[in-house]
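Asker: Kindly return the folded structure for what I paste below:
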Amino acid sequence: MGVELATEAFGDDSGPQQPPILLMMRATASMLWWPDELCAKLAATGRIVIRYDNRDTGQSTTAPPGQPDYSLDDLAGDALAILDGYGIARAHLVGISLGGMLAQLVTLMRPERVARLTAIGSARFDEDDPTLPPMDPDLLEHFGGIATLDWSDRHAAVDFAV
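Answerer: Now for the predicted structure:
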């Protein structure tokens with residue numbers, strides 16, 4: 001089955017450009033959590049700015065609830081496929097939470113494709129570095145409930161997101 005990823009680009013690519021920015025959102029949130037104003041202001045600096053929906057968010061391909069048919073490596077590959085789709089060889093990656101982890105993976109997988117990496121509120125991949133704080137256990141517990149959440153219950157889904 002093919003994967004379809006919803007994207008939106010800001011900016012004008014007709015003039016000299018700064019390196020593009022790929023905005024990578026957290027789990028369970030669509031690209032719309034990157035505010036239009038932020039995207040437009042970044043694009044006004046002479047950049048193409050792209051935001052997108054990860055699988056299982058927004059308008060991108062979805063799997064049955066609680067049964068993802070993809071891995072973190074696949075999600076990192078999606079980011080590279082988006083860059084390829086826009087004809088972008090190298091970009092700044094800006095990710096928040098899961099998006100930051102994916103940006104780290106892309107950087108590890110294909111460092112030549114990454115101009116800079118900005119990870120916001122993300123877990124690290126270097127578990128051996130004691131100077132970096134771990135993810136908050138309460139947050140892990142909260143997201144642990146995602147597998148049993150009844151997504152057809154609008155109130156339960158809203159309560160989970162809030």
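Asker: Run through the bridge partners of the residue nearest to Gly85 when sequence neighbours are not counted.
Answerer: Spatially, and ignoring its direct neighbours in sequence, Gly85 is nearest to Thr7 (7.5 Å; C-beta to C-beta, 6 or more residues apart in numbering). Heads up, the C-betas are built off the backbone N, CA and C, glycines and all. With DSSP bridges as the criterion, the beta-bridge partners of Thr7 are Tyr52.
Asker: ok, Thr7 - contacts?
Answerer: Contact analysis of Thr7 by C-beta atoms under 8 Å, 6 or more residues apart in numbering lists Met31, Ile50, Arg51, Tyr52, Asp53, Ile82, Gly85, Tyr86.
Asker: same check, this time on Met101
Answerer: Taking C-beta under 8 Å, 6+ apart, we find Met101 in contact with Leu72, Gly95, Ala119, Ser122, Ala123, Phe125.
Asker: just checking, which of those belong to helices?
Answerer: Among these, the members falling in helices are Leu72 (criterion: DSSP state H).
Asker: Quick check: ChimeraX command selecting the buried ones in the contacts of Met101.
Answerer: Selection command for ChimeraX covering only the buried members of those, criterion 16 or more other C-beta atoms under 10 Å:
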select :95,119,122,123
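Asker: just the contacts of Met101 now: which is nearest Asp36?
Answerer: Proximity of the contacts of Met101 to Asp36 was ranked by C-beta to C-beta; the top entry is Gly95 with 18.7 Å.
Asker: Tell me which residue is most central in this protein.
Answerer: Note on the chain: the residue nearest the mean C-alpha position is Met24, at 2.6 Å, using C-alpha atoms, centre = their mean.
Asker: Surely it touches Ala91?
Answerer: No. Contact between Met24 and Ala91 fails when scored by C-beta atoms under 8 Å: they sit 10.6 Å apart.
Asker: Please name the spatially closest residue to Thr148 (chain neighbours excluded).
Answerer: Once its chain neighbours are removed from consideration, Thr148 has its nearest residue in Gly66; the separation is 7.6 Å (C-beta to C-beta, 6+ apart).
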